[in-house]
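J.: need a structure here:
(one chain, ligands or ions: 2)
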Amino acid sequence: MHPKGGAFSENRKVSFERALQKSDERFRRVVEAAPNAMVMTNASGRIELVNAQAERLFGYSRVELLGRPVEILVPERFRRHHPALREAFSADPQSRPMGAERDLFGLGRDGNEFPIEIGLNPIDTEDGTMVLSSIIDISERKHREDSIQAALKEKDLLLSEIHHRVKNNLQVVSGLLDLQSAKITDSIALLLLVESQNRIKTMSLIHQTLYESKDFARVDFCTFLDSLVPNLVSSYGSNPGRVTLLIDATQIFLPIDAAIPCGLIVNELISNALKHAFPNDRRGQIKIDLVRGENHDVSLSVSDDGIGISEELDVGEATTLGLQLVTLLADQLGGKITIQRSNPTRFLLQFKVER
Ligand SMILES: Nc1ncnc2c1ncn2[C@@H]1O[C@H](COP(=O)(O)OP(=O)(O)OP(=O)(O)O)[C@@H](O)[C@H]1O
Ligand SMILES: [Mg+2]
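T.: Ligands and ions are numbered 1, 2, ... in the order given. Prediction:
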């Protein structure tokens, strides 16, 4: 009826088809030039399009792939599940990475497998919705990750070995002192040896705690206290039950450079309470509290309900080794010591740990 209009709509159809062809051509060129391997599959999972990178990655030529089921690029052991995965994607086609939580592998023409990452993109075409997969070979990255893991494991082994040896060496030193003390009859000299031995054992115990916890950077201080305290009590040979020891500690991890001074301080304070607070078979209790406050503050207190510290003693100016050590080590920790002389006698150490 309207030959002009008919010709016009015919012209529009032609130009529309040209435009379509042009955009189709552009799409193919973009895919071809993409830096990743690209494989497009149709609704039945057959390969419709591959780019040069895909040919290179899988070792097939284009003609060998076109029209074949995409499963030929999937290792045998995953093939059975693959069609179901494809269908799940078609049911909810959205751009997303494939198998986010799984390790994915590609299968090359030569039968070799390699780790890959896949991005899935639904593409609407005249022939229905296709799936464009963008595939990256991550062999290099996996290889680097594996060598980092191996290096870390080696470092851990080495550290574990070092702590083990330091612990053993300290035990040897402690054993030597033990042998020596067997020859000593003077009770004061003997006590000095026992105390030196305890200090060495305390350091050894820190290394042992590190070694056994398998965390070589941080000491679980609560576990350390649980092994230290019975050791100390038995070394002073006090009648069990006369003085009870109570530990109330939250789990705190200390870096080794804080754990050693802190461990030595506790060693001195508990030793003092055992040695001085309960003379003449006096009964009582020693309490150790370990609390973590805000801002990574740690408070550690050792208290006893013994005879108390006499007013004459100037704790800051003490010339005896024990309290001198406590002051020195607290400085080393950047911490503060507060003392209450009696009811109960209480030494409070406060310091900050990093992180
Ligand atoms: N918990 C306590 N109860 C009572 N007196 C204490 C207590 N802690 C410390 N003292 C007093 O403080 C003094 C100094 O303690 P310090 O640890 O410096 O020396 P020490 O224990 O005598 O010897 P060492 O140098 O071997 O530790 C002790 O001799 C004791 O009189
Ligand atoms: Mg002392």
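
J.: which element is whichever residue of the stretch 201-350 of the chain sits closest to ligand 2 on?
T.: Closest approach between the stretch 201-350 of the chain and ligand 2, counting by C-beta to the ion: Gly322, at 2.6 Å. Every C-beta, even on glycine, is put in place using the N, C-alpha and C of the backbone. Using DSSP states H and E, Gly322 sits in helix 321-332.

J.: That helix and ligand 1 in contact?
T.: Yes - counting by C-beta under 6 Å from any ligand atom, ligand 1 is contacted by helix 321-332 at 321-323.

J.: what's the answer for stretch 265-279, then?
T.: Yes - Stretch 265-279 comes into contact with ligand 1 (C-beta under 6 Å from any ligand atom), by way of 268, 272-273, 275-277.

J.: what does the stretch 251-355 of the chain put close to ligand 1?
T.: Near ligand 1, when you scan the stretch 251-355 of the chain using C-beta under 6 Å from any ligand atom, you find 268, 272-273, 275-277, 304, 306-307, 309, 313, 318, 320-323, 345.

J.: What distance do you get for the closest residue in space to Arg79 that isn't next to it in sequence to Pro83?
T.: Nearest residue to Arg79 in three dimensions, chain neighbours excluded: Glu71, at 4.9 Å (C-beta to C-beta, 6 or more residues apart in numbering). Here Glu71 is placed at a distance of 7 Å from Pro83 (C-beta to C-beta, to the nearest Å).

J.: When these two are compared, which one has more neighbours?
T.: Glu71 (19 against 14; other C-beta atoms under 10 Å).

J.: ok now do the residue of the stretch 101-250 of the chain found nearest ligand 1, which residues does it touch?
T.: Of all residues in the stretch 101-250 of the chain, Glu195 sits closest to ligand 1, at 4.7 Å by C-beta to the nearest ligand atom. Applying C-beta atoms under 8 Å, 6 or more residues apart in numbering to Glu195 gives the contacts 271, 322.

J.: Would you tell me what the next helix or strand after the one helix or strand it maps to is?
T.: Using DSSP H and E, Glu195 maps to helix 187-213. Scanning forward in sequence from helix 187-213 by DSSP H and E, the next helix or strand is strand 218-220.

J.: joint contacts of Glu71 and Pro83?
T.: Common neighbours of Glu71 and Pro83 are listed as Gly45 (criterion: C-beta under 8 Å, 6+ apart).

J.: thinking again about what came up before, do you know the pLDDT at the residue lying closest to the residue of the stretch 201-350 of the chain closest to ligand 2 once chain neighbours are set aside?
T.: Take Gly322 and drop its neighbours on the chain: the residue closest to it by C-beta to C-beta, 6+ apart is Glu268, 4.7 Å away. On pLDDT, Glu268 comes in at 93.

J.: Next, count neighbours for the residue in the chain positioned nearest to ligand 1.
T.: In the chain, the residue that lies nearest ligand 1 is Gly322 (2.1 Å; C-beta to the nearest ligand atom). Using other C-beta under 10 Å, Gly322 is surrounded by 18 other residues.

J.: Can you name the residues of the stretch 151-300 of the chain sitting close to ligand 2?
T.: Within the stretch 151-300 of the chain, the residues that sit near ligand 2 (C-beta under 5 Å from the ion) are Asn272.

J.: what's near enough to touch the residue sitting nearest the centre point of the chain?
T.: Nearest to the mean C-alpha position of the chain, by C-alpha atoms, centre = their mean, lies Asp215 at 9.0 Å. Asp215 is in contact with Phe253, counting by C-beta under 8 Å, 6+ apart.

J.: How about Phe114?
T.: Contacts of Phe114 (C-beta under 8 Å, 6+ apart): 105-106, 108, 137, 139.

J.: One more pass at 10 Å, please.
T.: By C-beta atoms under 10 Å, 6 or more residues apart in numbering, the residues touching Phe114 are 57-58, 75, 104-108, 137-139, 142.

J.: One more: Val50?
T.: 31-32, 37-41, 57-58, 60-62, 64-66, 70, 73, 133.

J.: Endpoints of stretch 303-322, how far apart?
T.: Chord length of stretch 303-322, first to last residue, is 16 Å (C-alpha to C-alpha, to the nearest Å).

J.: Same check on stretch 241-256?
T.: Distance between the two ends of stretch 241-256: 33 Å, counting by C-alpha to C-alpha.
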